[in-house]
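Asker: dropping a prediction and its sequence here:
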Amino acid sequence: MSIEVRHITRQFGKFKALDDVTLKVESGELVALLGPSGSGKTTLLRIIAGLEFPDPGPAQVLFYGDDVTHLPASQRKAGFAFQHYALFRHLSVFENIAFGLRVRPRATRPPERDILQRVETLLKLVQLEPLAQRYPAQLSGGQRQRVALARALAVEPKVLLLDEPFGALDAKVRKDLRRWLRRLHDEIHITTLFVTHDQEEALEVADRVAIMRDGRIEQIGTPDDIYDRPASPFIYDFLGNVNLFHGRIHEGRVLIGDTAFEAARGAGGPQSQAVAFVRPHDIRVTREASGRSTLAARLVRCHAAGPVAQLELERLDGGAAFAVQLSRDQFRQLQPQPGEQLFVELQNVRVFSDDYSI
Amino acid sequence: MGPAATLNRASMTPRRRPTSEPPRVRRLLIGLALGFLALFLVVPLASVFAHALARGWGAYLKSFHDPVTFSAIKLTVIAAAIAVPLNCVFGVAAAWAIAKFRFPGKQLLITLIDLPFSVSPVISGLIFVLLFGAQGALGPWLIEREIQIIFAVPGIVLATTFVTFPFVARELIPLMQAQGRSEEEAAIVLGASGWKTFWRVTLPNIKWGLLYGVILCNARAMGEFGAVSVVSGHIRGETNTIPLHIEILYNEYNFVGAFAVASLLTLLALVTLALKTWVEWKNASAPGANHGSSP
């Protein structure tokens, strides 16, 4: 276990930023802390780095089994990249990266030649060799973030902590940089924990994703796990791209309108009222009804530009709207017309007892 | 008139921007501003030198051969040399505390730093007399130990320090607040000690603001009249600073002498102004210039 936190609680006045959080990150793993703003993810990251402290109690932070709870940030050997980079504005790119080596006490400071070599290697790693003599103000956002990463890596940290590493970048650079981060991680295998509020980013980059809500970890798992088997309606809602149907649970199946569907049970008690979640790409659309396993719906509108066709349908019994995604092929075969009556079959339905409202 | 002529005419008259005033109004406003500047700044400035040189360079230079004048200059330099570094250290410490940390009483501290600006300098001087004077609260205790503060050099240094107290701190607080704490946090995570973080990160980031504050602080320290006047006792050759000495010379109808010494302070003002401009220019062109406040 290379990063382990146990029973971390942190209260700001009346607001509980973290509520008894326990988390383990395996050695060499890349884990995303995902959550809406105010869910405590940045506070947790800062506590791990030693920039913030947990409330007194049984709280513990361990790096590779060593208890670092009471070590100051300067002695934890954690690499940290800040959301707004926090580069030293008066130092060049080269000196920014060299900083962590130069501030060491004389006894442990590497000789100048080694510092030079190490910085050169890192500049190469982050592909910024030609910009070594520039100042932070002369760099783009993506370049600054890469300098920040190189600076954090220069001190050979035990773990790497990234706070919204791509939060301040525009969409295109974000995508490029997160793939770059994934490749970098595959190359150097440093245990990494990064905070993000972007579910797409977390699912794409991380080995495992921990979803936080109101100071607690709601679910932790691989991206597939999280996407296919969300543990709560909140996670469905937060990940987005999902339809919600109200219904009743009946003999292990869920009744939506008059139609019964096979459903996997999520969390919840034995209440008969339930909400069912279905992803738009798990809905099959046909022209003919097939017995009692399809719902009748009217096509409101559709647009087919892009890799998938987006359909918006309205149930005939009650008129609740839902979305469907079809592949281009399926769309071409079906050729649905707005206003037309269609039948849908719901697959991979997950139900939760109806005490959660979105 | 053909279309070509119209086009030509249009290109001759400069295009007017929506916010610009008619030329007559513009000329009037600029004239007023310049006239005011001349009347209240340039004429007095020139007249200082005119009076100082009224009897020629010989008389002007002779004014400085007076040992009493020399001692006034010396005392002013001593007072500034003590007050400016003190306020520099205090200003950095206060701004650091206020900008980077949360603590109870912070607002009160900010208000207190401004106190010397909001109190009349004469009152500031009087406070020290009431505290350290012979009839003052600590007077008997000081007399017993033969320590003299009022009507002596320590009083002048104290009064100068008090009056120039806010300059550095006020310059740095908004600058450091705008810069935030993240660079310091980055340095600490990278393993830097608090001391190294201060020297290698905090100080370089505020150096131009600090220099600016020091220049203003020094100008005020050398030019302070009111507070120093109350605590000095006006002992010639011992407790007179430059401004006090000028007043005495003037009251004795020694106009050349008064204005000659005054020209020193005037030169100091001009040098301050030049330095200030230079610092502002340097600040704006410094690498990574990205400042919260421009002075």
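Answerer: Happy to help now that I have it.
Asker: ok, and what's touching the lowest-mean-pLDDT helix or strand in chain A?
Answerer: The helix or strand of chain A with the poorest confidence is strand A:259-265; it has a mean of 78 (mean pLDDT, DSSP states H and E). Strand A:259-265 is touched from outside by A:229, A:249-250, A:253-254, A:276, A:292-295, A:346, A:348-351, with contacts defined as C-beta atoms under 8 Å, 6 or more residues apart in numbering or on different chains. C-beta here means a position set from N, CA and C on the backbone, and glycine is covered the same way.
Asker: now these: which count as buried?
Answerer: By neighbour count, with 16 or more other C-beta atoms under 10 Å in any protein chain shown, the contacts of strand A:259-265 hold A:249, A:253-254, A:276, A:294-295, A:346, A:348-351 as buried.
Asker: biggest helix in chain A by residues?
Answerer: Of all the segments assigned as helix in chain A under DSSP state H, the longest by residue count is helix A:171-188.
Asker: still on that earlier bit, ok, the buried ones among the contacts of strand A:259-265 vs chain B, which is closest?
Answerer: Looking at the buried ones among the contacts of strand A:259-265 and their distance to chain B, the nearest is residue A:350, at 41.3 Å (C-beta to the nearest C-beta).
Asker: how much space between that closest one and residue A:226?
Answerer: Counting by C-beta to C-beta, to the nearest Å, the gap from residue A:350 to residue A:226 is 13 Å.
Asker: now the nearest residue to residue B:137 once chain neighbours are set aside: which helix or strand?
Answerer: Ranked by C-beta to C-beta, 6 or more residues apart in numbering or on different chains and with sequence neighbours excluded, the top spatial neighbour of residue B:137 is residue B:131, at 5.6 Å. Assigned by DSSP states H and E, residue B:131 belongs to helix B:121-132.
Asker: now do residue B:231
Answerer: Here residue B:231, judged by DSSP H and E, is contained in helix B:226-232.
Asker: tell me which other helices or strands that helix touches.
Answerer: The helices and strands touching helix B:226-232, judged by 3 or more C-beta pairs under 8 Å, 6 or more residues apart in numbering or on different chains; DSSP states H and E, are helix B:121-132, helix B:153-164, helix B:242-251.
Asker: now the helices: where do they sit in the stretch 201-350 of chain A?
Answerer: According to DSSP state H, counting those that start in this stretch, the stretch 201-350 of chain A carries its helices in the segments A:223-228, A:233-239, A:328-334.
Asker: could you say which of these is packed most deeply?
Answerer: Highest mean neighbour count among the helices of the stretch 201-350 of chain A (mean count of other C-beta atoms under 10 Å in any protein chain shown): helix A:233-239, with a mean of 20.
Asker: any weak-confidence spans in chain B?
Answerer: Counting by pLDDT under 70, chain B shows low-confidence ranges at B:1-16, B:286-295.
Asker: scan it for its longest helix.
Answerer: With residue count as the measure and DSSP H as the assignment, chain B has helix B:67-100 as its longest helix.
Asker: now do the contacts for residue 239.
Answerer: By default, I'm working from chain A. A:199, A:203, A:226-227, A:230.
Asker: meant chain B actually
Answerer: Residue B:239 is in contact with B:75, B:151-153, B:155-156, B:232-233, counting by C-beta under 8 Å, 6+ apart.
Asker: what number of residues lie near residue 258?
Answerer: Picked chain A for this. 9 (other C-beta atoms under 10 Å in any protein chain shown).
Asker: my question was about chain B
Answerer: Each residue near residue B:258 was counted by other C-beta under 10 Å, and the total is 22.
Asker: verify the assumption that residue B:51 is located in a helix.
Answerer: Yes - looking at residue B:51 with DSSP: H, G, I helix; E, B strand; the rest coil, it is inside a helix.
Asker: run through chain A and note the low-pLDDT ranges.
Answerer: In the predicted model of chain A, residues A:1, A:265-271, A:291-292, A:354-358 satisfy pLDDT under 70.
Asker: how does it look with 50?
Answerer: In the predicted model, chain A carries pLDDT under 50 at residues A:357-358.
Asker: okay, now the residue nearest to residue B:137: neighbour count?
Answerer: Every residue meeting other C-beta under 10 Å relative to residue B:131 is counted, giving 16.
Asker: how far away is it from chain A?
Answerer: Noted for residue B:131: a distance of 42 Å to chain A, by C-beta to the nearest C-beta, to the nearest Å.
Asker: residue B:125 is in contact with that residue, correct?
Answerer: No - Residue B:131 is beyond contact range of residue B:125, at 10.9 Å (criterion: C-beta atoms under 8 Å).
Asker: mind listing what the spatially most central residue of chain B touches?
Answerer: Most central in chain B under C-alpha atoms, centre = their mean is residue B:216, positioned 2.5 Å from the mean C-alpha point. Shown in contact with residue B:216 (C-beta under 8 Å, 6+ apart): B:167, B:171, B:272, B:276.
Asker: which SS class is it?
Answerer: Three-state secondary structure (criterion: three-state DSSP) places residue B:216 in helix.
Asker: helix or strand: which one has residue A:18?
Answerer: Taking DSSP H and E as the definition, residue A:18 sits inside strand A:15-25.
Asker: ok, that strand: who's next to it in the sheet?
Answerer: According to DSSP bridges, the neighbouring strands of strand A:15-25, each with its direction, are strand A:3-12 (antiparallel).
Asker: buried ones in the strand it pairs with, by neighbour count?
Answerer: Applying a neighbour-count criterion of 16+ other C-beta under 10 Å, one finds A:3-6, A:8-10 buried in strand A:3-12.
Asker: stretch B:85-105 too?
Answerer: When burial is assessed from 16+ other C-beta under 10 Å, stretch B:85-105 yields the following buried residues: B:86-88, B:90-92, B:94-96, B:98-99.
Asker: nearest to residue A:210, of those residues?
Answerer: Residue A:210 has its nearest neighbour among the buried residues of stretch B:85-105 in residue B:99, at 34.4 Å by C-beta to C-beta.
Asker: ok, now how distant is that closest one from chain A?
Answerer: As judged by C-beta to the nearest C-beta, residue B:99 and chain A stand 16 Å apart.
Asker: now do the contacts for that residue.
Answerer: The contact partners of residue B:99, taken as C-beta under 8 Å, 6+ apart, are B:172-173, B:176-177, B:179.
Asker: show me which of these are buried.
Answerer: Using 16+ other C-beta under 10 Å as the threshold, B:172-173, B:176, B:179 are the buried ones among the contacts of residue B:99.
Asker: inside helices: which ones of those residues?
Answerer: Using DSSP H, the members of the buried ones among the contacts of residue B:99 that fall in helices are B:172-173, B:176, B:179.
Asker: all strands of the stretch 251-358 of chain A, in order?
Answerer: Secondary structure of the stretch 251-358 of chain A by DSSP state E, counting those that start in this stretch: the strands cover A:253-256, A:259-265, A:273-278, A:283-286, A:295-303, A:308-315, A:321-327, A:341-346, A:349-353.
Asker: any chance of the ones you listed in a markdown table, plus distance to residue A:54?
Answerer: Listed next are the strands of the stretch 251-358 of chain A as a markdown table, based on distance: least, C-beta to C-beta, whole Å:
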| stretch | distance to residue A:54 |
| --- | --- |
| strand A:253-256 | 42 |
| strand A:259-265 | 35 |
| strand A:273-278 | 35 |
| strand A:283-286 | 45 |
| strand A:295-303 | 49 |
| strand A:308-315 | 45 |
| strand A:321-327 | 42 |
| strand A:341-346 | 44 |
| strand A:349-353 | 32 |
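Asker: which one of those lies closest to residue A:234?
Answerer: Ranking these by distance to residue A:234, with C-beta to C-beta as the measure, places strand A:349-353 first at 9.7 Å.
Asker: helices and strands around that closest one, which ones?
Answerer: For strand A:349-353, the contact count by 3+ C-beta pairs under 8 Å, 6+ apart identifies strand A:259-265, strand A:273-278 as packing neighbours.
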